[in-house]
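Asker: fold the following, please.
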Amino acid sequence: QVQLVESGGGLVQAGGSLRLSCAPSERSFSSYALGWFRQAPGKEREFVAAITWSDGRQFYADFVKGRFTISRDTARRTWYLQMNSLKPEDTAVYYCTAHSVVTTRTNWGYWGQGTQVTVSS
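Answerer: Next comes the predicted model:
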């Protein structure tokens, strides 16, 4: 079973930046859509951003537009979430995902283990 391996979470002050990375455990892995979700304490898991592997089309939740950027490196078979202008309300566990379609629903087929992002005020 392919695993998605995340890195890059941590503690940052409000207004700061972090970059999350995600890579599959097998280089042969491919997927139509790559994405990021997050889950804050006591809240449901929510869609953050997605990108199509082939042509790089990007999709964002309204609450991150203009602050977060999703990208992928086809040579490294890795995708990223650049998070700028972070706010305390961005504090959550962030999960990378992969699926056969882009959807804001949580029924993506592959999930990383999650990485904690904490934004202090």
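Asker: buried sites along the host helix or strand of residue 37?
Answerer: Assessed by DSSP states H and E, residue 37 sits inside strand 33-39. Neighbour-count burial for strand 33-39 flags 33-38 (criterion: 16 or more other CB atoms under 10 Å). Any C-beta I mention is one placed from the backbone N, CA and C, and that applies to glycine too.
Asker: for stretch 68-86, same thing?
Answerer: So, applying 16+ other CB under 10 Å, buried residues of stretch 68-86: 68-70, 72, 77-81, 83, 86.
Asker: picking that back up, the buried residues of strand 33-39 into CSV, with extra columns for distance to residue 99?
Answerer: Below are those laid out as CSV (distance: CB to CB, whole Å):
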residue, distance to residue 99
33, 5
34, 8
35, 7
36, 12
37, 11
38, 16
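Asker: ok, the residue most central in space within the chain - contacts?
Answerer: With distances taken as CA atoms, centre = their mean, residue 36 lies nearest the centre of the chain, 2.6 Å away. Taking CB atoms under 8 Å, 6 or more residues apart in numbering as the criterion, residue 36 is in contact with 20, 22, 48-50, 70, 81, 94-97.
Asker: all strands for this protein, in order.
Answerer: Assigned by DSSP state E, the chain shows strands spanning 4-7, 10-13, 18-24, 33-39, 46-52, 58-60, 68-73, 78-83, 92-99, 110-111, 115-120.
Asker: just put these in JSON lines and tack on mean pLDDT.
Answerer: Listed next are those as JSON lines, based on pLDDT from 0 to 100:
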{"stretch": "strand 4-7", "mean pLDDT": "95"}
{"stretch": "strand 10-13", "mean pLDDT": "98"}
{"stretch": "strand 18-24", "mean pLDDT": "97"}
{"stretch": "strand 33-39", "mean pLDDT": "97"}
{"stretch": "strand 46-52", "mean pLDDT": "98"}
{"stretch": "strand 58-60", "mean pLDDT": "98"}
{"stretch": "strand 68-73", "mean pLDDT": "97"}
{"stretch": "strand 78-83", "mean pLDDT": "97"}
{"stretch": "strand 92-99", "mean pLDDT": "97"}
{"stretch": "strand 110-111", "mean pLDDT": "96"}
{"stretch": "strand 115-120", "mean pLDDT": "98"}
